[in-house]
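J.: Here is my input; please provide its structure:
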Amino acid sequence: MRIKNDVYVYAEGGGSGAHSADLQAEFRQAFAEFLSKTDLGTTRRPRVVPCGGREQAFDSFRTAIAQGQNALLLVDSETPINPLHQPPAPALWKPWAHLQAQATWIAPVGANDDDCHLMVQCMENWFLADKTSVQTFFGQGFNAAALPASSVETVPKTTVYSALQTATQTCKTKTTYGKGAHSFKLLRAISPDKVEAASPWAKRFLDELRRRKP
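T.: Predicted structure coming up:
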């Protein structure tokens, strides 16, 4: 039985290794600021738990579900979503089926599709939803034309990374895009409203947080 308490989001991100604690703290703070700009408000917001790698996020989520926590999993989809796993009605989307096909993951006992959420195809795709804020963040020398113009969820993960690096390689006051150096600062900067409007999977995630807010 689920414990009726605050919502915990076990999220991929923050890396591993010598500086992982600092990166995970930065991720947690950045996500808190991102969520504070939504209608979830500033009180009793979901508790985002950065877990480092994707497998670690899944393991932490499984433990949380086994303990009865009110928990969600948030990981990169890594690849496009098969249309069979994304029928027209969002209520029928099947993120666990995607993760089983993509990573051989099986939904833990007690978990359902409402507990599983995907950044399609990775968190950097969200940045493409608010190019103005990305350009403002990087400042002089930023090449906005290097960013893909297509629908944000259709852009492959490798393309997003390379486009961000190309767009920032001549910036005057910041270095070329690097995940550890810039991703969480950009998460703070972008507009959740623009992300939600551009990314149906991001909207599904935020809608579920709204539904579960204490």
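
J.: Tell me how far the residue located most distally from the centre of the chain lies from Gly139.
T.: What lies farthest from the middle of the chain is Lys172; by CA atoms, centre = their mean that is 28.3 Å. For Lys172, the distance to Gly139 equals 7 Å [CB to CB, to the nearest Å]. Every C-beta, even on glycine, is put in place using the N, C-alpha and C of the backbone.

J.: Residue for residue, what is the longest strand this protein has?
T.: Longest strand of the chain, by residue count under DSSP state E: strand 71-76.

J.: What residues sit buried inside the helix or strand bottoming out on mean pLDDT in the chain?
T.: Here the helix or strand of the chain ranked lowest by mean pLDDT, DSSP states H and E is helix 20-36, holding a mean of 92. For helix 20-36, a neighbour-count test (16 or more other CB atoms under 10 Å) marks 20, 23-24, 26-28, 30-31, 34-35 as buried.

J.: just stretch 151-158 next, same as before
T.: 152-153, 155, 157.

J.: quick one, domains of this structure?
T.: 8-120+199-212, 125-184 (automatic domain parsing).

J.: could those go into CSV alongside distance to Pro192?
T.: Converted to CSV, the domains of the chain look like this (distance: least, CB to CB, whole Å):
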stretch, distance to Pro192
domain 8-120+199-212, 5
domain 125-184, 9
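
J.: circling back: show me the buried residues of stretch 151-158 that map onto strands.
T.: Among the buried residues of stretch 151-158, no member lies in strands (by DSSP E).
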